[in-house]
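>>> Following is a predicted model, sequence given first.
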Amino acid sequence: MTRTVLVPVDESDLARQALEFVLEEHSGDEIVLLHVLDPIDAIYVSEPIVWDDRLLEERREEAAGLLAELEEVAARSNVTARTEIARGDPARGILEYAEESDIDQIVIGSHGRSGVSRVLLGSVAESVTRRSPVPVTIVR
């Protein structure tokens, strides 16, 4: 029976490692690559900026490029991956997508934060794992 596996991705090496894990362990399953556009990311740019339609479109284009690149990685392993873009808080966006799209499992990369940064910034992988209605695999 084919299962649907959700792989939340960003530009990190750990997201790529999560994809590689899925390509090895779930090659016969339906793979969905999801990138969540986070409005809070606008705070981390070097110049003050307001989250507006131009920034959203720029981020969407960057996300589309990332997803196309990762889709190609999957294709080189003879796996077809479907891509999706959502907007909002990353953990919430991942969980909502999983619930609305009949996902069977989530495979997510861990950013490996510890100490103060983990307390202040939180961990998307940890939030997803705690609240997910489906099994979650964290790749390190």
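Great, that's in hand. Everything numeric here is computed off the predicted structure, so don't read it as measured data.
>>> Show me what the helix or strand containing residue 99 is packed against.
Residue 99 belongs to helix 90-100 when assigned by DSSP states H and E. Counting contacts by 3 or more C-beta pairs under 8 Å, 6 or more residues apart in numbering; DSSP states H and E, helix 90-100 packs against strand 4-8, strand 30-37, strand 81-87, strand 105-109, helix 124-131. Just so you know, the C-beta spots here come from the backbone N, C-alpha and C atoms, and that holds for glycine as well.
>>> Next, the angle strand 105-109 makes with the first one.
Just to be clear, that refers to strand 4-8. Calculated by axes from the mean of the first three to the mean of the last three C-alpha atoms, to 10 degrees, strand 4-8 forms an angle of 20 degrees with strand 105-109.
>>> Just the buried residues of the helix or strand following strand 4-8, please?
Downstream of strand 4-8, the next assigned helix or strand under DSSP H and E is helix 13-25. Neighbour counts over helix 13-25 (16 or more other C-beta atoms under 10 Å) mark 14-16, 18-19, 22-23 as buried.
>>> Export those residues to CSV and append columns for pLDDT and distance to residue 68.
Formatted as CSV, the buried residues of helix 13-25 follow (pLDDT from 0 to 100; distance: C-beta to C-beta, whole Å):
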residue, pLDDT, distance to residue 68
14, 93, 20
15, 94, 15
16, 96, 14
18, 97, 18
19, 98, 13
22, 98, 17
23, 98, 16
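>>> hang on, the earlier thing: out of the helices and strands packed on helix 90-100, which gets the lowest mean score?
Lowest mean pLDDT of these: helix 124-131, a mean of 93.
>>> Buried residues, it. List them.
124-129.
>>> Which neighbouring elements make contact with the next helix or strand after that helix?
Sequence-wise, the next helix or strand downstream of helix 124-131 (DSSP H and E) is strand 136-139. If contacts are counted by 3+ C-beta pairs under 8 Å, 6+ apart, strand 136-139 sits against helix 13-25, strand 105-109, helix 124-131.
>>> quick one, which of the ones you listed is nearest to residue 60?
Closest to residue 60 of those, according to C-beta to C-beta: helix 13-25, at 17.6 Å.
>>> Residues contacting that closest one from elsewhere in the structure, which ones?
With C-beta atoms under 8 Å, 6 or more residues apart in numbering as the test, helix 13-25 has contacts from 5, 7-9, 31, 33, 70, 73-74, 77, 79, 107-112, 137, 139-140.
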